[in-house]
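In: what's the 3D shape of this:
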Amino acid sequence: MSNATAPPELSLFAVLFGLAFLAFLGASLGGWIWFMLNLKIVRSWTGWERDQPASRVGLVDLILFFCCIVVTQIPLVVAVRPFISRDANPIPEVSIVSEQSATATAPAATNKAEVPAWVTPLLALSYMMAWGLSVFLLCFRTRSSLLQLGILGRDVTINIAVGLAAFLLATPVILILSGIVNSLTDIEYEHPVIEAMKQHPWMFPLLFFGAVICAPIWEEYAFRGLLIRWLDSIRSSGGNLKTVFLGQPASTVALSDSQDEPGLSYASASGNPYEPPNAIRHQATEPSSSSLLRNDLIPPLATSQTGDTLPSNGDTFPPWWPAIVSGMVFGLAHFSYGISWVPLILFGLISGRLFQLRRSIVPCIVLHACFNALSMFGLAARVFTGE
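Out: The predicted structure is shown next:
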């Protein structure tokens with residue numbers, strides 16, 4: 001499709017996307033101005049969680065998740081194999097590992113035809129199946145709820161708002177870094193979704209669902225919900241290999257996890273060293289349902305009852321290194337997609353820090369979904385207009 005033959009409605013789509021993107025940049029600039037002027041307020045916001053290194057997630061849970069991916073992709077490989085053999089192309093392994101290394105020695109004419117384009121949305125579905133199986137096994141093994149494991153959040157509205165705010169502030173920085181990296185290298189960005197869109201533009205709804213819904217859910221679960229919580233287990237293990245492998249026992253983290261249950265008072269977690277000593281008395285003076293809701297939205301762990309703000313040195317917040325490790329692993333997992341892994345390290349770091357401060361993957365999923373949606377609409381605008 002060329003620009004001369006592009007239907008008017010597709011050209012209109014590209015124009016509308018351009019205008020929407022400019023509006024987004026303007027909103028982001030305004031958000032950054034507000035953020036810099038209110039940095040102390042943001043830092044002292046009582047919605048940020050304190051450091052809670054005790055975690056039930058262990059190395060075994062990451063291994064089980066990888067096994068779930070392998071198990072759910074076996075039927076996909078079996079189903080795709082006949083279609084690949086008809087084209088007389090080498091049969092690649094459909095897995096989380098990129099095919100780039102396997103295709104390095106293959107003839108150039110067959111590099112893009114190894115796997116049919118329609119496999120991409122099926123691959124996303126297999127990852128979702130692996131995610132569901134892994135979540136079930138994790139809950140069963142640790143005897144924990146989705147709230148306690150950070151898969152859900154105490155307050156969906158606040159988590160969504162935090163995710164949207166992070167998207168508004170972080171996306172321009174990531175795009176600028178991506179532009180700088182691309183200008184310094186000649187490495188072309190490659191991704192199965194891009195190839196599928198170029199070959200079959202009609203697959204956009206399926207690809208959009210896979211990139212905007214499926215990928216953020218299972219990737220944030222893996223790189224934030226599992227990886228960072230496992231790093232928390234390492235921090236709190238004291239060198240105990242059993243804790244590193246299996247996570248902390250339920251009795252150790254029962255108090256810290258109880259704050260994630262709806263309707264429970266945060267004052268019940270009296271074992272937390274950062275909890276104000278008079279939180280129990282404060283809870284008793286406001287027994288109404290509205291006060292319970294307010295305590296659910298704004299944990300008293302983050303501020304004293306006298307209104308004192310948080311320490312400015314941030315010693316009570318989680319350390320940065322688990323988020324940094326998560327970001328690096330997330331970026332390197334995309335190493336085969338060109339140079340994009342560099343800005344994706346920054347993206348993973350931001351998402352990891354967001355998980356640490358909210359103890360829920362919900363805002364991370366919102367951030368990831370919005371970022372992928374922006375990328376998908378930009379890709380569609382280029383493909384539909386023949387650029």
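
In: Please enumerate the helices of the stretch 201-350 of the chain.
Out: For the stretch 201-350 of the chain, the helices defined by DSSP state H, counting those that start in this stretch cover 204-209, 215-220, 227-237, 241-246, 250-258, 279-285, 289-297, 321-332, 341-358.

In: what about the stretch 51-200 of the chain, any weak spots by pLDDT?
Out: Residue ranges of the stretch 51-200 of the chain with pLDDT under 70: 83-117, 188-190.

In: and stretch 32-39, how far from the chain's centre?
Out: 25 Å (C-alpha atoms, centre = their mean, to the nearest Å).

In: swap that for stretch 122-135, sorry
Out: On C-alpha atoms, centre = their mean, the centre of stretch 122-135 falls 15 Å from that of its chain.

In: one step back: who wins for proximity to residue 381 among the helices of the stretch 201-350 of the chain?
Out: When those are compared by C-beta to C-beta, helix 204-209 sits nearest residue 381, at 11.0 Å. Bear in mind the C-beta positions are built from the backbone N, C-alpha and C, glycine included.

In: The closest one packs against which elements?
Out: Helix 204-209 is packed against helix 119-142, helix 192-199, helix 362-384, with contacts defined by 3 or more C-beta pairs under 8 Å, 6 or more residues apart in numbering; DSSP states H and E.

In: most packed of those?
Out: helix 362-384 (a mean of 21; mean count of other C-beta atoms under 10 Å).

In: mean confidence score for that helix?
Out: For helix 362-384, the mean per-residue pLDDT is 89.

In: the inter-axis angle of that helix versus helix 341-358?
Out: Computed by axes from the mean of the first three to the mean of the last three C-alpha atoms, to 10 degrees, the angle separating helix 362-384 from helix 341-358 equals 150 degrees.

In: As CSV, the helices of the stretch 201-350 of the chain with mean neighbour count and distance to residue 377 would be great.
Out: Listed next are the helices of the stretch 201-350 of the chain as CSV, based on neighbours: other C-beta atoms under 10 Å; distance: least, C-beta to C-beta, whole Å:
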stretch, mean neighbour count, distance to residue 377
helix 204-209, 17, 9
helix 215-220, 23, 15
helix 227-237, 21, 29
helix 241-246, 15, 42
helix 250-258, 16, 39
helix 279-285, 14, 46
helix 289-297, 13, 33
helix 321-332, 19, 22
helix 341-358, 23, 18
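
In: Point to the residue nearest the middle of this protein.
Out: Compute the mean C-alpha point of the chain, and by C-alpha atoms, centre = their mean the closest residue is residue 220, 3.0 Å away.
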